[in-house]
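S.K.: Got a sequence here, can you build the structure:
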Amino acid sequence: QVQLVESGGGLVQPGGSLRLSCAASGFSFSSNRMSWYRQAPGKEREFVAIISSAGGNTNYADSVKGRFTISRDNAKNTLYLQMDSLKPEDTAIYYCRVYTAGAEYWGQGTQVTVSS
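M.R.: Next up, the predicted model:
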């Protein structure tokens with residue numbers, strides 16, 4: 001079955017960096033676009049970034065453009081999100097997502113807290 005397991009979240013000061021990972025299994029990782037979403041307390045889940053199956057094309061939400069970088073390692077079936085210049089408003093649970101074989105799958109999420 002499809003499994004997505006996020007890791008790498010934590011507490012970081014404003015201006016700091018974190019690198020999130022999403023380990024994927026149970027589907028053809030290298031054949032699918034992958035994306036990151038986030039959900040802040042009291043808010044709806046929102047799109048963060050997406051990457052093409054081979055990694056050559058990416059797209060970002062305006063709120064993170066220039067600060068976050070999505071990447072993937074198809075040999076390791078792993079998706080990444082490098083987050084730099086973090087702001088308090090980046091505080092949220094971060095999820096990876098895939099749509100494959102006619103269904104949508106989400107990981108359990110990893111908490112990112114940006115606070116001094």
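S.K.: going forward, measure contacts between C-alpha atoms and count neighbours the same way
M.R.: OK.
S.K.: Which of the helices or strands spans the nearest residue to G107 once chain neighbours are set aside?
M.R.: The shortest distance from G107 to any non-neighbouring residue, by C-alpha to C-alpha, 6 or more residues apart in numbering, is to L4 (4.5 Å). Following DSSP states H and E, the helix or strand that holds L4 is strand 3-7.
S.K.: Compute the distance between the spatially most central residue of the chain and A101, please.
M.R.: A centroid search over the chain (C-alpha atoms, centre = their mean) returns W36, at 3.2 Å, as the residue closest to the centre. For W36, the distance to A101 equals 19 Å [C-alpha to C-alpha, to the nearest Å].
S.K.: try A92
M.R.: Counting by C-alpha to C-alpha, the separation of A92 from A101 is 28 Å.
S.K.: More neighbours: which of the two?
M.R.: Remark: of A92 and A101, A92 carries more neighbours, 21 against 9, as counted by other C-alpha atoms under 10 Å.
S.K.: Quick one: residues contacting the residue lying closest to the more buried one once chain neighbours are set aside.
M.R.: Residue nearest to A92 in three dimensions, not counting chain neighbours: A40, with 4.1 Å by C-alpha to C-alpha, 6+ apart. Counting by C-alpha atoms under 8 Å, 6 or more residues apart in numbering, A40 touches 90-93.
S.K.: out of these, which are inside strands?
M.R.: 92-93 (DSSP state E).
S.K.: Would you convert the contacts of A40 into TSV that also reports pLDDT and distance to M83?
M.R.: Listed next are those as TSV, based on pLDDT from 0 to 100; distance: C-alpha to C-alpha, whole Å:
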residue	pLDDT	distance to M83
D90	98	9
T91	98	12
A92	98	13
I93	98	13
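S.K.: From the contacts of A40, keep the buried residues only.
M.R.: 90-93 (16 or more other C-alpha atoms under 10 Å).
S.K.: Now that we have those, can you turn them into TSV and tack on distance to K76?
M.R.: What follows is the buried ones among the contacts of A40, written out as TSV (distance: C-alpha to C-alpha, whole Å):
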residue	distance to K76
D90	27
T91	28
A92	26
I93	23
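S.K.: ok, these vs S30, which is closest?
M.R.: Proximity of those to S30 (C-alpha to C-alpha) peaks at I93, which lies at 25.0 Å.
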